[in-house]
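Asker: Got a predicted model here, sequence first, then my questions.
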Amino acid sequence: MDEQQEMKVKNPWHRPHIFLVAFGISVGIIIMVAIAVVQNKPLHQKYKYGIVLDAGSSHTSVYIYEWPAEKENNTGMVRQKHACSVKGKGISSYSGTPEKAGESLKECMDEAKKTIPKQRHQETPVYLGATAGMRLLKMDNDIASEKVLASVETSLQTYPFSYQGARIITGQEEGAFGWITVNYLSENFITASGTVGALDLGGASTQITFVSGQEVESLDNSIDFRLYGNDYRLYTHSFLCYGKDQVLKLSLEQQIKPKLDVTDNIILEDPCFHPGYEMNKSFQSVFDSPCVKMVTHSKTGQTFKHKGIGDWKKCQEAITKVFNTSYCRYSRCSFNDVFQPPVKGRFGAFSAYYFVMNFLNVTTDNSLDDAKKKLGSYCTTHWNTLKQKHPGVKEKYLSEYCFSGTYIITLLEDGYKFTPEDWKNTNFIRTIKDSEAGWTLGYMLNLTNMIPAEAPDTPLLPFGGYVSLMLVLSLLIFVCLILGYIFFRRPSGPAHKEII
Ligand SMILES: Nc1ccn([C@@H]2O[C@H](COP(=O)(O)OP(=O)(O)OP(=O)(O)O)[C@@H](O)[C@H]2O)c(=O)n1
Ligand SMILES: [Ca+2]
């Protein structure tokens with residue numbers, strides 16, 4: 001063996017089959033790395049944004065949502081990035097000065113411009129949905145409501161976003177999109193856990209929405225959805241005038257009515273307000289709403305003394321009177337001749353349900369009876385004691401929690417016929433996974449087609465499956481190469497001889 005031949009034997013790279021082994025392994029590794037990179041997606045994802053303005057009766061909120069662009073149809077991917085509370089009252093309060101309605105949005109919309117990356121501004125849709133405050137204004141003064149909407153429209157069009165319209169949404173939409181939001185965020189559409197019902201309480205209206213499984217006897221209360229491959233038949237109803245601010249007016253009207261013709265100096269002893277609470281209020285503040293039917297021009301400009309006596313039982317009796325249960329044209333009703341099947345399953349109760357119950361520290365960990373006891377003792381607390389205990393809370397809010405808490409329990413129990421068991425199945429929530437519960441997210445998901453009717457295609461194999469498959473394939477390639485080498489190599493001996 002000469003020196004050159006000896007080197008050939010010692011250096012393995014000079015043996016072709018070893019080279020093929022290395023080649024096979026490299027091919028396998030390259031394929032696996034490529035698959036892993038594709039599966040994990042790049043770290044820097046492109047995000048998309050959407051803006052929804054919730055123009056409620058008591059206030060307007062601007063919500064900014066964010067989601068990874070390539071996961072548009074996967075449930076649970078859209079999250080709330082930012083929320084801004086517009087200063088002042090709701091847009092319907094600008095009926096006398098409509099141009100101010102648009103101006104009021106400026107601060108929050110400027111904030112939106114800063115929150116969303118500039119290169120995404122143009123493609124970001126903006127929607128404004130107005131609820132019960134504007135529904136009432138439309139009933140009262142159609143022209144004024146049009147002017148207010150035109151004013152917010154002009155204002156929103158000055159921003160670099162993609163303006164998609166400002167409109168009054170219907171009560172059904174408000175209920176149904178609240179239900180979609182809660183179930184989307186809880187990922188109930190893709191798991192077998194069933195859906196939760198949605199309870200929304202605003203200042204001027206309240207919504208109840210759930211899957212009942214029973215026939216919905218009135219068309220107005222029925223909505224069908226097909227989401228992620230499943231069919232849902234929802235029962236939903238929105239009670240205009242049954243938000244907590246309007247019910248307070250209704251309840252005051254009920255109590256004032258019998259006194260109107262008896263005396264000029266009306267002192268209203270209200271069981272829903274705290275002992276020691278005394279405030280002069282104008283009749284105008286009670287009668288200025290289309291929800292309160294009474295016409296009392298004779299009392300315009302006059303006041304009455306609103307005095308608290310703090311008696312929870314009597315408060316509940318007074319509130320019960322705002323529900324009309326004397327007539328029902330269906331097999332069963334909640335109140336005011338509105339069809340409602342028996343409530344079923346779990347419920348998420350948000351907006352004012354949460355504000356009030358959270359303040360009162362009443363959760364459904366308390367039994368319904370315990371909750372009533374807690375509320376009873378809260379209502380009897382002297383007004384001065386409360387003010388001292390909560391110096392940071394706005395007096396108007398503070399004075400109304402006894403009324404609002406009592407209204408909530410009465411609405412659930414007497415209105416919707418919640419049993420103590422249904423109460424236990426109800427959660428008072430503000431957010432789910434840091435996104436606020438409310439109709440806005442569901443509204444945007446619907447308008448941007450982000451909730452598909454059919455389940456999006458899922459990969460045939462999970463990530464681990466792909467890796468194993470690739471490993472087996474690489475081994476196969478490797479074995480083929482070896483076999484190929486063994487079977488098709490040219491016999492080395494004679495060839496060498498020929499050359500020699
Ligand atoms: N921290 C807070 C915030 C709000 N409220 C009260 O909760 C009620 C409802 O608020 P919200 O859900 O924001 O109602 P809107 O959306 O404005 O009203 P609607 O849905 O009827 O149009 C209002 O009476 C408001 O004064 C409260 O007690 N505590
Ligand atoms: Ca609302």
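Answerer: Done, it's in. Ligands and ions are numbered 1, 2, ... in the order given.
Asker: all contacts plus neighbour counts: C-alpha atoms, from now on.
Answerer: Noted.
Asker: Assign residue 234 to helix, strand or coil.
Answerer: strand (DSSP: H, G, I helix; E, B strand; the rest coil).
Asker: Quick check, it in contact with residue 226.
Answerer: No: applying C-alpha atoms under 8 Å as the test, residue 234 and residue 226 come out as separate, 10.9 Å apart.
Asker: Specify which residue of the two has the higher count of neighbours.
Answerer: Comparing residue 234 with residue 226 by other C-alpha atoms under 10 Å, the one with more neighbours is residue 234, at 22 against 13.
Asker: Setting aside sequence neighbours, what's the nearest residue to residue 340?
Answerer: Excluding the flanking residues, the one nearest residue 340 by C-alpha to C-alpha, 6 or more residues apart in numbering is residue 333, at 5.0 Å.
Asker: Enumerate every residue touching the one you found.
Answerer: Applying C-alpha atoms under 8 Å, 6 or more residues apart in numbering to residue 333 gives the contacts 325, 339-341.
Asker: What are the phi and psi values at residue 411?
Answerer: Taking degrees, to the nearest 10, you get phi -60, psi -50 for the backbone angles of residue 411.
Asker: what pLDDT does the residue of the chain at minimum distance from ligand 2 get?
Answerer: The chain approaches ligand 2 most closely through residue 202 (4.5 Å), counting by C-alpha to the ion. With respect to pLDDT, residue 202 scores 98.
Asker: Surely it touches residue 244?
Answerer: Yes: taking C-alpha under 8 Å as the definition, residue 202 is a contact partner of residue 244 at 6.5 Å.
Asker: Find residues that contact each of those two.
Answerer: Contact criterion C-alpha under 8 Å, 6+ apart; residues shared by residue 202 and residue 244: residue 352.
Asker: For the stretch 51-200 of the chain, what lies in contact range of ligand 2?
Answerer: residue 56 (C-alpha under 5 Å from the ion).
Asker: can you pull out the helices in the stretch 51-200 of the chain?
Answerer: Counting by DSSP state H, counting those that start in this stretch, one finds helices in the stretch 51-200 of the chain at the ranges 99-103, 106-115, 132-140, 142-157, 171-185.
Asker: Most tightly packed of those helices?
Answerer: Highest mean neighbour count of those: helix 171-185, a mean of 25 (counted as mean count of other C-alpha atoms under 10 Å).
Asker: Tell me which other helices or strands it touches.
Answerer: strand 197-201, strand 205-211, strand 230-240, helix 439-447 (3 or more C-alpha pairs under 8 Å, 6 or more residues apart in numbering; DSSP states H and E).
Asker: Centre of the chain to that helix, how far?
Answerer: Mean C-alpha position of helix 171-185 versus that of the full chain (C-alpha atoms, centre = their mean, to the nearest Å) differs by 7 Å.
Asker: ditto for stretch 190-210
Answerer: That offset, for stretch 190-210, works out to 9 Å (C-alpha atoms, centre = their mean).
Asker: Enumerate every residue touching the residue of the chain closest to ligand 2.
Answerer: Here residue 202 is in contact with 56-57, 243-244, 351-352 (criterion: C-alpha under 8 Å, 6+ apart).
Asker: Repeat the analysis, applying 7 Å as the threshold.
Answerer: 243-244, 351-352 (C-alpha atoms under 7 Å, 6 or more residues apart in numbering).
Asker: what stretches of the chain score poorly on pLDDT?
Answerer: 1-22, 24-26, 28-29, 31-44, 294-298, 457-467, 470, 478, 490-500 (pLDDT under 70).
Asker: Show me which residues of the stretch 1-150 of the chain are close to ligand 1?
Answerer: Proximity of the stretch 1-150 of the chain to ligand 1, by C-alpha under 6 Å from any ligand atom, involves residues 56-59, 131-133.
Asker: Next, format those residues as TSV and append distance to residue 141.
Answerer: As requested, those are arranged in TSV below (distance: C-alpha to C-alpha, whole Å):
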residue	distance to residue 141
56	17
57	15
58	18
59	20
131	15
132	14
133	12
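Asker: Looking at those, which one is closest to residue 268?
Answerer: Set against residue 268, the nearest of these by C-alpha to C-alpha is residue 58 (25.1 Å).
Asker: Number of residues surrounding the closest one?
Answerer: For residue 58, the neighbour count with other C-alpha under 10 Å is 18.
Asker: got the contact list for it?
Answerer: Counting by C-alpha under 7 Å, 6+ apart, residue 58 makes contact with 89-90, 203.
Asker: before we move on, back to that, most neighbours, which of the contacts of residue 333?
Answerer: residue 340 (25 neighbours).
Asker: Return the backbone torsion pair for that residue.
Answerer: Phi and psi for residue 340, reported as degrees, to the nearest 10, are phi -150, psi 120.
Asker: quick one, what contacts it?
Answerer: Counted by C-alpha under 7 Å, 6+ apart, residue 340 has contacts 332-334.
Asker: Kindly report the same for residue 443.
Answerer: By C-alpha under 7 Å, 6+ apart, the neighbours of residue 443 are residue 177.
Asker: ok, it to residue 178 distance?
Answerer: Here residue 443 is placed at a distance of 8 Å from residue 178 (C-alpha to C-alpha, to the nearest Å).
Asker: Residue 305 now?
Answerer: 39 Å.
Asker: now do residue 387
Answerer: 34 Å.
Asker: just residue 71 next, same as before
Answerer: 22 Å.
Asker: Looking at the contacts of residue 58, which are in strands?
Answerer: Judged by DSSP state E, the subset of those located in strands is empty.
Asker: Turn those into TSV, columns for distance to residue 76 and neighbour count.
Answerer: Shown next, in TSV, are those (distance: C-alpha to C-alpha, whole Å; neighbours: other C-alpha atoms under 10 Å):
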residue	distance to residue 76	neighbour count
89	32	16
90	30	22
203	29	23
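Asker: Please identify which of those is nearest to residue 382.
Answerer: residue 203 (25.6 Å).
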